[in-house]
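Colleague: need a 3D model of the sequence below.
(chains A and B)
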Amino acid sequence: LPEALAHIALAGVTALAWLGLGSLVLASLARSGDRALDALNRIGAGALAWGLLTLAAGWVGLLHRAVYLPPFVLAAAAGALAAARLLRGARWPRPLGWPRWQLALAVLLGVYALVALVAACAPVSSADALHYHVGVPEHYVAEHEVFETPWSWNSYQPFAVEMLITDGLLLWDPVQGAMAPLLLGLAALATVLVAAERLAGRAVALLAGAVFFAQPFMLWISTSSFVEPGLAFAIALATWNLVEFARRGRVESLALAGLLAGGAAGMKYIGAAAAVVLALAATVALRRRLRPRLVLAFALPAVAVALPWYVKNAVLTGNPVYPLVFGGQSAEAERAAEATFEGYGHGESPLDLLLLPLRLLGDADEFDRGEFVSPLFLLFAPLALLSRRARAAATLVGAAGGCYVLAWFLGSQQSRFLVPLMPAAAVLAAVGMIALTARGRVGRLATAGVVAAALATGAAVSAAYAGQLLPAAVGFESDRRFLLENTSYYAATDWANRRLPEGSRVLVDHVFVQPFEEPAIAWTLDALPSDAGPYETRAFFRRYGLTHALVFERNATRLRQLDSVRARPLAAVEVRPVVSRTLNELGPTTRMLVFAL
Amino acid sequence: VRTYAVAVAWVLLGSALYAVGILRRLAELA
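Modeller: Alright, predicted model coming up:
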């Protein structure tokens, strides 16, 4: 428990460090007059600045704790001063005077935030985190630099959030790294709450906050080192700044919107898609006021923040969006990569498109954990059109959201990739709820009943998920036992951690390179083609200084390659994949063979 | 009135569909 509290306290200091650096970066920008917006803008700009600074430091081999700590402490001190200034004389909400249902929603959100903070203290166990969100930053920190990791094509995605995870690793450990995406998720929640409050009042704000964050999906996303909480925050805050520009005409708001939209593009390729859709929606909404100067005010900071990632890829691979669009992988590696993002959903025919809303509601597990997404988005967001006041805005947001969903439908149908839409959809859903309740008694009863039932169902699923993580997070369950039950093939990882000598370098026949204690790389088709002969295989082992390999006993291709270089078998370990942590679902037992190279 | 009725029907039928999906998933797991 003391360790969990220390992680949470350091997450607080990290948020101050983001605020401090953001205050410095935006020092010359006039304030908006809205303290909460100013604070969130500074936190967002600070997080993006830390991400780029970490990339720059990594590029020149400066990823050392001793290098990181002094600016971190200084930025946190500056952040504490900025926070004190922002909080001085601030008007605080007085919940005791609120209606009971609003109080209940506020308490529910508080509980979700608290559970998320504690759950994130469990050892990192999400599959993608073990592969690259945390797995690759661990390599950076071990080598003290950011370098190319060709064995993971995902590591060529823009990596701003992974840079913040790297900061957490420099500060302490992978759990501290996992706090960065969670902080971004909480910042997204704050953005939804405050923006909705400013636009439509407290009732809409609390409902929107609950739709967005009081759902098992967001609890899972925020506590699993994913990039998506960052995308939700950046796109939500960029949208709010655009709304501010539309209302008050301050160019600073437009520049901040550009900075944050570019920030999303610097976090993940789908962030770039979301930023483009947002820019198009803004162009339509502001078409009568557009001037070249204003377009530049948005576009310049956007491009400046996103560009480093795309230039890095262009320099390293010749393809700025490697491995997408212009390719660059071998044919079989490309097929394997496609399989990882095309194996979702029900299909891409016009009929599938027509049935999409119904499937997202009633048959969503094909969309990769889609069954954990709150149904309230889809049930109530269209009803925002019932509100005369919100109709024009709802039409625009709905059309922009529709464009993004269409791109998602034709791309990779993973519900995670819809997260950038969720803040805006949550506000629309909340507006729709209020509009329906205003229309009559039946609407009021239907809204109250459905919202309460959905939140209760979500809370039950969230409890099942958190129940897996909390015992390990607070020290009631050993890390080893937790990892055995919650990470795929951990028995083999554990064997390697116990038996392999210090200085080993491990090659693994799956992608979960964390939590190997010695450096481990994934034996993907990007790393070595399946038809590589003994000469190429030996050269590959030598290039990475590999000493041991862990291979599934059924992988004939890799066993043949190991045999061709006379690798020596050491042991066989029984392992199981984890299908779902929330549902406590394990796959069939299989064996991994350990070889000395 | 017609829009109101359609809106209420959408919310009720949609939530019923969601409930059926959740129950089906629970049955699969059981």
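Colleague: now A:Arg416, what are its backbone angles?
Modeller: Dihedral angles of A:Arg416 (phi, psi; degrees, to the nearest 10) stand at phi -50, psi -40.
Colleague: isn't it right up against A:Gly370?
Modeller: No: using C-beta atoms under 8 Å as the test, A:Arg416 is too far from A:Gly370 to be in contact (9.2 Å). Every residue, glycine included, has its C-beta placed from N, CA and C.
Colleague: what's in contact with stretch A:102-122?
Modeller: Applying C-beta atoms under 8 Å, 6 or more residues apart in numbering or on different chains, the contact partners of stretch A:102-122 are A:3-4, A:7-8, A:11, A:95, A:98, A:175, A:178-179, A:182, A:185-186, A:189, A:193, A:202-203, A:206-207, A:209-210, A:213-214, A:218-219, A:222-223, A:455, A:459, A:462, A:465-466, A:469-470, A:472-474, A:482.
Colleague: just the element for A:Val67, please.
Modeller: Assigned by DSSP states H and E, A:Val67 belongs to helix A:65-87.
Colleague: run through who's touching that helix.
Modeller: Residues from elsewhere that reach helix A:65-87 (C-beta under 8 Å, 6+ apart): A:13-21, A:23-24, A:35, A:38-39, A:42, A:46, A:50, A:53, A:57, A:167, A:170-171.
Colleague: now stretch A:352-368
Modeller: Residues outside stretch A:352-368 that contact it (C-beta under 8 Å, 6+ apart): A:344-346, A:370-371, A:373, A:375, A:378-379, A:405-406, A:409, A:413-416, B:14, B:17-18, B:20-21, B:25.
Colleague: could you flag which of those are buried?
Modeller: Buried members of the contacts of stretch A:352-368, scored by 16 or more other C-beta atoms under 10 Å in any protein chain shown, are A:344-345, A:370-371, A:373, A:375, A:378-379, A:405, A:413-416, B:14, B:17-18, B:21, B:25.
Colleague: how many neighbours does residue 24 have?
Modeller: Unless you meant another one, I'm taking chain A. Using other C-beta atoms under 10 Å in any protein chain shown, A:Leu24 has 18 neighbouring residues.
Colleague: was after chain B, sorry
Modeller: 14.
Colleague: please report how far it lies from chain A.
Modeller: B:Arg24 sits 8 Å away from chain A, taking C-beta to the nearest C-beta, to the nearest Å as the criterion.
Colleague: which ones are touching that residue?
Modeller: Contacts of B:Arg24 by C-beta under 8 Å, 6+ apart: none found.
Colleague: about what we covered before: beyond the helix holding A:Val67, next helix or strand please.
Modeller: Per DSSP H and E, the first helix or strand lying C-terminal to helix A:65-87 is helix A:100-119.
Colleague: tell me the buried residues in stretch A:61-71?
Modeller: Buried residues in stretch A:61-71, defined by neighbour count with 16+ other C-beta under 10 Å: A:Leu62, A:Leu63, A:Tyr68.
Colleague: same question, stretch A:34-45
Modeller: In stretch A:34-45, counting by 16+ other C-beta under 10 Å, buried: A:Arg35, A:Ala36, A:Leu37, A:Asp38, A:Ala39, A:Leu40, A:Asn41, A:Arg42, A:Ile43, A:Gly44, A:Ala45.
Colleague: and what of stretch A:82-99?
Modeller: Applying a neighbour-count criterion of 16+ other C-beta under 10 Å, one finds A:Ala82, A:Ala83, A:Leu86, A:Trp98 buried in stretch A:82-99.
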